[in-house]
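Undergrad: The sequence and its predicted three-dimensional model are supplied below.
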Amino acid sequence: MSNQKAVIGNMPELPYSVEEAINGLRINVGFLGNDIKKIMIISTMPDEGKSFVAIQLWRQMAESGTPSILVDADLRKSVTTEKYGIKVEKGKIIGTSYYLSSEYPLEKAILHTDLEFGDIMPNTKNVVNPSRLIEGKRFDDMLDELAAKYRYVFIDTPPLNLVSDGERIGNRCDGAILVVRGGTTSKTMVRNSIQQLKRADCPLLGIVLNRVEGARSGYYYKKYGGKYYGRYGGKYGKYYSDRYYFKK
Ligand SMILES: Nc1ncnc2c1ncn2[C@@H]1O[C@H](COP(=O)(O)OP(=O)(O)OP(=O)(O)O)[C@@H](O)[C@H]1O
Ligand SMILES: [Mg+2]
C-alpha cells in the first residue's frame, strides 16, 4: 500500500527568534528519554497555539532527521488542512476521523510530505461527537502502530476546558506538552488543566508559554515558576515569543 504524497502549501516562515524557541523545545523533547514517543499537545482554552506548536515542533523534528508524524486529533473543529494549505497530488485525504470510522489500513491515511522524515495525518472531516472514535480500540491501535513506526508521534488536540477528548487522548499518550497563552490564561485555569492531566494519568512533560506580547519583564516566569529555557520572541504581527518550562 503506497502512501500518498502531500504538499504543505502554506508553512509560514518564522522569525529567527521563534524558530530558535521551537528549536529549543525540540532539543528538550529529545532529552525526555526513549520511552516518550506519543506526545499530546494540549491547552486549557481554544486559540492558545496548540496547532502552531504541534506543526512547528513536528517540522523541526523532521528537519533534524528524526522520523516524526503529526496526527490531527482535533476531530471537532480542525482548521489545519485549510490554514496550512495541505493538499494531496491525487485522490482525497482520508483524514483522522474518517480513518477511525473506516476499515482502511493505516498506510492509506498517512501522508508523506516534502520532508523526508516528516509524515502527517490531517483531519478533514470534523465531527460533532468524536468520543466514540477516540475511546475506541482503533484509536489505541493507531497510536501504537505509529509509535512503532516513528520516533515521535505528535498529537494535536482540542482544548481541555471544552470537551473531554484531551483527557481521553492523554490517557493513551506518554505525556503532554501544555501550551499556555501568555496574559490570557489564568494560573487557576492552568492548575485545573494540570489536575485534569493527572486525573487522565498523563504525565506533564513541559509547559510552553506561547504568544507572549512584549514579555521582556520576566513576569510570566515568576508567575508560573519552573525552569526557563526559552528566548525572547521577535516580531510576528504582534510581538510573540515562545518560552517553555520543561521537566528534567
Ligand atoms: N508563537 C506564535 N507565533 C505566531 N503566531 C502564533 C503563535 N502561536 C499561535 N499563533 C497563531 O495564533 C492563532 C491560534 O493558534 P492555533 O490555531 O495554533 O491555536 P489552537 O490552540 O490550536 O486553537 P484551537 O483551540 O482553536 O485549535 C493561529 O492563527 C496561529 O497561527
Ligand atoms: Mg488547534
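TA: Great, that's in hand. Ligands and ions are numbered 1, 2, ... in the order given.
Undergrad: what residues are up against the closest residue to Ser43 other than its chain neighbours?
TA: Among residues not flanking Ser43 along the chain, Val179 sits closest, at 4.3 Å (Cβ to Cβ, 6 or more residues apart in numbering). C-beta here means a position set from N, CA and C on the backbone, and glycine is covered the same way. Shown in contact with Val179 (Cβ atoms under 8 Å, 6 or more residues apart in numbering): Ile41, Ile42, Ser43, Glu48, Gly49, Lys50, Val53, Ile207, Val208, Asn210.
Undergrad: and with 7 Å instead?
TA: Going by Cβ atoms under 7 Å, 6 or more residues apart in numbering, Val179 touches Ile41, Ser43, Glu48, Gly49, Lys50, Val53, Val208, Asn210.
Undergrad: does it sit in a helix or strand, and which one?
TA: Assigned by DSSP states H and E, Val179 belongs to strand 175-181.
Undergrad: strand partners of that strand, parallel vs antiparallel please.
TA: strand 38-43 (parallel), strand 204-210 (parallel) (DSSP bridges).
Undergrad: can those strands go into JSON lines with extra columns for distance to Arg168?
TA: Shown next, in JSON lines, are the strands paired with strand 175-181 (distance: least, Cβ to Cβ, whole Å):
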{"stretch": "strand 38-43", "distance to Arg168": "10"}
{"stretch": "strand 204-210", "distance to Arg168": "16"}
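Undergrad: in the chain, which spans are helices?
TA: All helices of the chain, identified by DSSP state H, fall at 16-30, 50-63, 80-83, 96-100, 106-109, 131-135, 137-149, 165-171, 187-199, 219-224.
Undergrad: Just the CA coordinates for the fourth one, please, in PDB.
TA: In this case it means helix 96-100. As requested, the backbone C-alpha atoms of helix 96-100 are provided in PDB (Å, rounded to 0.1, in the frame of the first residue of the first chain):
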ATOM      1  CA  THR A  96      -8.100  11.000  11.100                       C
ATOM      2  CA  SER A  97     -11.800  10.900  11.900                       C
ATOM      3  CA  TYR A  98     -12.700   9.100   8.700                       C
ATOM      4  CA  TYR A  99      -9.800   6.700   9.100                       C
ATOM      5  CA  LEU A 100     -11.100   5.900  12.700                       C
END
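Undergrad: Any idea how many residues pack against the nearest residue to Ile39 once chain neighbours are set aside?
TA: Excluding the flanking residues, the one nearest Ile39 by Cβ to Cβ, 6+ apart is Phe154, at 5.5 Å. When neighbours are counted by other Cβ atoms under 10 Å, Phe154 registers 26.
Undergrad: now Phe154, which residues is it bridged with?
TA: Going by DSSP bridges, Phe154 forms beta bridges with Ile39, Leu70.
Undergrad: Wait, it touches Arg59, no?
TA: No. Applying Cβ atoms under 7 Å as the test, Phe154 and Arg59 come out as separate, 10.0 Å apart.
Undergrad: Please give the number of neighbouring residues around Glu13.
TA: 6.
Undergrad: for the residue in the chain that ligand 2 sits nearest to, what are its contacts?
TA: Nearest residue of the chain to ligand 2, counting by Cβ to the ion: Ser51, 3.3 Å away. With contact taken as Cβ under 7 Å, 6+ apart, Ser51 is in contact with Thr80, Asp156.
Undergrad: Likewise for Tyr98?
TA: Thr124, Lys125.
Undergrad: and stretch 195-213 with ligand 2, contact?
TA: No. Stretch 195-213 is not in contact with ligand 2 by Cβ under 5 Å from the ion; minimum separation 12.0 Å.
Undergrad: Show the end-to-end separation of that stretch, please.
TA: 27 Å (Cα to Cα, to the nearest Å).
Undergrad: If you count neighbours, what's buried in that stretch?
TA: 196-197, 200, 202, 204-212 (16 or more other Cβ atoms under 10 Å).
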